[in-house]
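*Asks:* pasting a predicted model and its sequence here:
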Amino acid sequence: MFVLGNFFEALAAVSGYAVEIFWWLIIIRALLSWVNPDPANPIVQFIERATEPILRPFRQLIPTYKLGFDISPLFAILFLYFLKIFLVKTLLGLAIRFR
């Protein structure tokens, strides 16, 4: 069963790194929205395409027209923080149990 424990440990590590990457991409996108970058820039396009699936559900829940500004990155970061705590620690707990 140690193989299954190693699998869950590796899955927890990869999930933790993925959450961190998305965390930083959302922060970069929020900072880029302040400076209004060139939308034709491939880096800007990549950041927007990578973060839009995460931000879209939060934009639907919290419309920007009521507040005047977009706070979906804040809620997305909080959600990613929750995922990091819940998912990664759960996977690490499973890894310990299967060893």
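*Replies:* Structure received.
*Asks:* next structured bit after the helix or strand of the chain with the lowest mean pLDDT?
*Replies:* When the helices and strands of the chain are compared on mean pLDDT, DSSP states H and E, helix 64-67 comes out lowest with a mean of 68. Note on helix 64-67: by DSSP states H and E, the next helix or strand toward the C-terminus is helix 72-83.
*Asks:* residues in contact with Ser72?
*Replies:* Ser72 is in contact with 55, 58-59, 62, 64, counting by Cβ atoms under 8 Å, 6 or more residues apart in numbering. Where you see a C-beta, it was placed from the backbone N, CA and C, and this is true even at glycine.
*Asks:* looking at these, which are in helices?
*Replies:* Assignment to helices by DSSP state H places the following of the contacts of Ser72 there: 55, 58-59, 64.
*Asks:* just put those in TSV and tack on distance to Leu91 and neighbour count.
*Replies:* As requested, the ones in helices among the contacts of Ser72 are exported to TSV (distance: Cβ to Cβ, whole Å; neighbours: other Cβ atoms under 10 Å):
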residue	distance to Leu91	neighbour count
Leu55	25	18
Phe58	24	18
Arg59	29	16
Thr64	35	11
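*Asks:* which residue would you name as the spatial centre of this protein?
*Replies:* For the chain, Phe22 is the residue whose C-alpha lies nearest the centre (Cα atoms, centre = their mean; 3.7 Å).
*Asks:* contacting residues for the spatially closest residue to that residue that is not a sequence neighbour?
*Replies:* Nearest non-adjacent residue to Phe22, counting by Cβ to Cβ, 6 or more residues apart in numbering: Leu80, 5.8 Å away. Contacts for Leu80 were tallied using Cβ under 8 Å, 6+ apart; they are 19, 22-23, 26, 54.
*Asks:* so, low pLDDT: which residues of the chain?
*Replies:* The chain contains residues with pLDDT under 70 at 65-67.
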